[in-house]
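S.K.: Pasting a predicted model and its sequence here:
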Amino acid sequence: MWALLKSLLAQWAVLRLLLKSVGSLAWLLPLAFLLKAVGLPLLIMLAVLAIPLLIVLVILGLPILLVVLTGGALITMTMWLVSMGLVVLKVALPLVLLYWFVRWRTKGDHHPPDTPSPDAI
């Protein structure tokens with residue numbers, strides 16, 4: 001009887017510990033959904049770029065290890081370019097929007113002086 005009670009209490013303690021640890025990770029769910037929404041299209045893009053190239057390399061008769069290494073390097077470079085593009089976009093987009101807003105707000109304030117046409121001279 002004591003053995004049964006001990007095993008039930010141990011199972012309850014393990015279950016409680018498991019639920020507590022999973023519950024503390026609940027704040028990561030929105031981040032996981034965001035990464036899924038952004039990551040899957042990026043993976044699809046990488047596959048569309050890499051698979052034809054890997055097929056061409058295999059058809060050319062390169063060793064499989066060399067094909068895999070070359071494909072991995074190209075995928076890595078593509079992913080690096082995409083991530084750098086996103087960083088540049090994060091910096092440039094607010095600057096461009098701010099420039100357009102300032103230009104829009106000051107559009108009617110000053111006009112360039114009229115220049116005479118070459119025919120009028």
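M.R.: Done, it's in.
S.K.: Find the helix or strand that the residue nearest to residue 46 when sequence neighbours are not counted is a member of.
M.R.: Once flanking residues are discounted, residue 46 sits nearest to residue 75: 5.4 Å by C-beta to C-beta, 6 or more residues apart in numbering. Where you see a C-beta, it was placed from the backbone N, CA and C, and this is true even at glycine. Assigned by DSSP states H and E, residue 75 falls within helix 64-105.
S.K.: next one: that helix to chain centre, how far?
M.R.: 9 Å (C-alpha atoms, centre = their mean, to the nearest Å).
S.K.: Just name whatever secondary elements it is in contact with.
M.R.: Other helices and strands packing on helix 64-105, by 3 or more C-beta pairs under 8 Å, 6 or more residues apart in numbering; DSSP states H and E, are helix 29-59.
S.K.: Using neighbour counts, pick out the buried residues of the helix it packs on.
M.R.: Within helix 29-59, the residues scored as buried using 16 or more other C-beta atoms under 10 Å are 46, 50, 54, 57.
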